[in-house]
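Enquirer: Below is the structure, and that's it, no one-letter string:
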Ligand code: IDP
Ligand code: MG
């Protein structure tokens, strides 16, 4: 089963959108296997966004993601990475489609509310960066046969 990693970012937490955002992944059919409310350390933020280390917005990105608490979530499902990215919407919220999280709640790239892994490989790596194996729950949902064919 494919895994993907989600962050409900500080702006979304501050704006009281945690429940609204979790709801959208749940209604998509993705299965929650891990969830924590944390204040991310600078070291973990730099590791998570290491691919952007040379970009001009890197320092602003690290200070944004560490500026207030976040909710980190591990999800499982068929095509979990692509499905979650579609539910999140385009990186620039003003270009994100209506009905996506960023399209419904955001305007600016530096306040785009939520992170989702961009590949199957990164889904596995990012879940492992934020969760130990004993924080992940392996379970079968009663609705799984009605969502996973
Ligand atoms: P993604 O979150 O849609 O995968 P990435 O290109 O991987 O987008 O960028 C990671 C995060 O870095 C974005 O979600 C956004 O928070 C931030 N970011 C990306 N580009 C810019 C920029 O040009 N200015 C400010 N922040 C940016
Ligand atoms: Mg990305």
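Expert: Now that the structure is in, tell me what you want to look at. Quick caveat, the model's predicted, so the values are computed rather than measured. Ligands and ions are numbered 1, 2, ... in the order given.

Enquirer: burial of residue 136, as a residue count?
Expert: Per other Cβ atoms under 10 Å, the neighbour tally for residue 136 reads 15. Using the backbone N, CA and C atoms, a C-beta is placed for each residue, glycine as well.

Enquirer: Do you know the pLDDT at it?
Expert: At residue 136, the model reports a pLDDT of 98.

Enquirer: which ones are touching the closest residue to it other than its chain neighbours?
Expert: With Cβ to Cβ, 6 or more residues apart in numbering as the criterion, residue 136 has its nearest non-adjacent residue at 4.6 Å, and that residue is residue 34. By Cβ atoms under 8 Å, 6 or more residues apart in numbering, residue 34 lies in contact with 72, 73, 74, 127, 131, 135, 136, 137.

Enquirer: is it true that the fourth one touches residue 7?
Expert: No: under the criterion of Cβ atoms under 8 Å, residue 127 makes no contact with residue 7, lying 11.5 Å away.

Enquirer: just checking, residue 113 touches residue 100?
Expert: No: using Cβ under 8 Å, residue 113 is not in contact with residue 100; the gap is 10.1 Å.

Enquirer: who's more crowded, the two?
Expert: Taking neighbours as other Cβ under 10 Å, residue 113 and residue 100 compare with residue 113 leading, 24 against 19.

Enquirer: Distance check, the more buried one against residue 57.
Expert: Distance, residue 113 to residue 57, by Cβ to Cβ, to the nearest Å: 16 Å.

Enquirer: again, but for residue 79
Expert: 29 Å.

Enquirer: for residue 3, same thing?
Expert: Applying Cβ to Cβ, the value for residue 3 to residue 57 is 27 Å.

Enquirer: Without its sequence neighbours, what residue ends up closest to residue 106?
Expert: residue 93 is the one closest to residue 106 (Cβ to Cβ, 6+ apart), at 2.9 Å.

Enquirer: is it true that that neighbour touches residue 104?
Expert: No: using Cβ under 8 Å, residue 93 is not in contact with residue 104; the gap is 9.0 Å.
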